[in-house]
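Enquirer: Structure here, sequence nowhere to be found:
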C-alpha cells in the first residue's frame, strides 16, 4: 500500500480533505496551529490527488515495503527540486528555515516533522503493516 508523508491544514482536529478525495487512512503525528503532520495511506492515484490539493504539502510518496525491508526505499533518495520548492514555499510563508538542495527525503521528513514537535522522529515512531 502506498503512503505519503504530508502537511495538511485541519478542521476540528481532522485533515481538511474533501470526501471527493478519498484515502484509505491516516496517522496524525502532531499539530502546529491549524496544520497537522500526517502519514496518509491509499492507492497511488488517491495520494496523487491528495497531494494536488492546495492545502496539502506532500513531503514524499512511498510504495509498499518489500519483504524484510525496514524502511521505504524512497526515503534515501535526494528530494526533487519541485517538491523542495513547494515545501520551501510553505516554510517561508511561516518564517521557518527552508530545506537546502541535496537533502534526502528522510532528512526532509525529520526536519519538517520536528517543526511540529522537536522531540519527535516520525521515522522511528511509525510502524505500518499492510497485512
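Expert: Happy to help now that I have it. Being a predicted model, the structure only gives us computed values, none of them experimental.
Enquirer: so residue 61 touches residue 3, yeah?
Expert: Yes: with contact defined as C-beta atoms under 8 Å, residue 61 reaches residue 3; the gap is 7.3 Å. The C-beta positions use only the backbone N, C-alpha and C, and glycine is treated the same way.
Enquirer: Tell me how many other residues crowd residue 12.
Expert: Residues contacting residue 12 under the criterion other C-beta atoms under 10 Å number 5.
Enquirer: give me the low-pLDDT residue ranges for the chain?
Expert: Under the criterion pLDDT under 70, the flagged ranges of the chain are 64-71, 119-131.
Enquirer: For it, just list every one of the helices.
Expert: Along the chain, the segments classed as helices by DSSP state H run 44-51, 81-93, 105-116, 122-125.
Enquirer: hey, which of these is tucked in deepest?
Expert: helix 105-116 (a mean of 19; mean count of other C-beta atoms under 10 Å).
Enquirer: for that helix, packing partners?
Expert: Judged by 3 or more C-beta pairs under 8 Å, 6 or more residues apart in numbering; DSSP states H and E, the packing partners of helix 105-116 are strand 3-11, strand 25-32, strand 35-41, strand 56-62, helix 81-93, helix 122-125.
Enquirer: Tabulate these (TSV), appending distance to residue 102.
Expert: Listed next are the helices and strands packed on helix 105-116 as TSV, based on distance: least, C-beta to C-beta, whole Å:
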stretch	distance to residue 102
strand 3-11	19
strand 25-32	25
strand 35-41	23
strand 56-62	15
helix 81-93	10
helix 122-125	19
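Enquirer: Which of those sits closest to residue 47?
Expert: Nearest to residue 47 among the helices and strands packed on helix 105-116 is strand 3-11; the distance by C-beta to C-beta comes to 4.5 Å.
Enquirer: any idea how far residue 48 lies from residue 42?
Expert: Applying C-beta to C-beta, to the nearest Å, the value for residue 48 to residue 42 is 9 Å.
Enquirer: Over to residue 12?
Expert: Residue 12 is 21 Å from residue 42, by C-beta to C-beta.
Enquirer: Could you pull up phi and psi at the closest residue to residue 43 other than its chain neighbours?
Expert: Nearest non-adjacent residue to residue 43, counting by C-beta to C-beta, 6 or more residues apart in numbering: residue 2, 6.6 Å away. Backbone geometry at residue 2, expressed as degrees, to the nearest 10, gives phi -70, psi 150.
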